[in-house]
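Asker: sharing a model that was predicted from the sequence below.
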Amino acid sequence: MPVNTSAIGKTFAPGTYVVGREKVREYAEAVGETNPLYLDPEAARAAGYADVVAPPMFAVVFISKTMTPTLFDPEVGMNFAMMVHGGQSFTWERPIVAGEEITTHVSVKDITEKDGKGFYVYETISKDEAGETVVTADWTFLVRGV
């Protein structure tokens, strides 16, 4: 069955995530980060931040909370059982700090088909409380056997 491209441009309800100090530290420790900015509030403050800084890929934590349900949207029509993660790219505007409230907006950027595979590209834009973008990401998912 061919891919359904009618969902291109669809947007979803935004989700909000409050970045917690302990979550940042747990993430940093889990991925082997040793930078004191990620672990020690005093070191982060000495460097000019209000609290610990989230490692860049911590963005996956708050983005996935909002994006994951969109993968099951019937209008998009992705066969999750045949899906594999194809790639992602991020553009950071500035570091994210514990205590911030980040709101992520998700949209379907593109859906194409090639060689019997569906290519589903989502865009996420995460903003701080002032409405300023902190990170933008593209996520590509491949669905085999389309």
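Answerer: Ah, there it is.
Asker: at the geometric centre of this protein, which residue do we find?
Answerer: Against the mean C-alpha coordinate of the chain, by CA atoms, centre = their mean, the closest residue is Ile63 at 3.1 Å.
Asker: how far does the strand or helix carrying it sit from the chain's center?
Answerer: Element membership for Ile63, per DSSP states H and E: helix 59-67. On the basis of CA atoms, centre = their mean, to the nearest Å, helix 59-67 is displaced by 4 Å from the centre of the chain it belongs to.
Asker: then it to CSV, C-alphas only?
Answerer: C-alpha atoms of helix 59-67 as CSV (Å, rounded to 0.1, in the frame of the first residue of the first chain):
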residue,chain,number,x,y,z
ALA,A,59,16.8,17.4,24.0
VAL,A,60,15.7,13.9,23.1
VAL,A,61,14.2,13.5,26.6
PHE,A,62,11.8,16.4,26.4
ILE,A,63,11.1,16.2,22.7
SER,A,64,10.2,12.5,22.7
LYS,A,65,7.5,13.0,25.3
THR,A,66,5.6,15.1,22.8
MET,A,67,6.7,13.5,19.5
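Asker: now for that helix, which elements pack on it?
Answerer: strand 15-18, strand 101-114, strand 117-127, strand 133-144 (3 or more CB pairs under 8 Å, 6 or more residues apart in numbering; DSSP states H and E). C-betas here are computed from N, CA, C, even on glycine.
Asker: now the element after the first one, going C-ward?
Answerer: Note on strand 15-18: by DSSP H and E, the next helix or strand toward the C-terminus is helix 21-30.
Asker: what does that next one contact?
Answerer: By CB atoms under 8 Å, 6 or more residues apart in numbering, the residues outside helix 21-30 that reach it are 35, 38-39, 41, 51-55, 58, 61, 98-99.
Asker: which one of those is nearest Ile111?
Answerer: Relative to Ile111, the closest of these is Val61; by CB to CB it sits at 26.0 Å.
Asker: from Ala13, how far out is that closest one?
Answerer: 19 Å (CB to CB, to the nearest Å).
Asker: so for those two, which sits in the more crowded spot?
Answerer: Val61 (18 against 9; other CB atoms under 10 Å).
Asker: tell me which residues touch that one, please.
Answerer: Residues near Val61 by CB under 8 Å, 6+ apart: 17, 23, 27.
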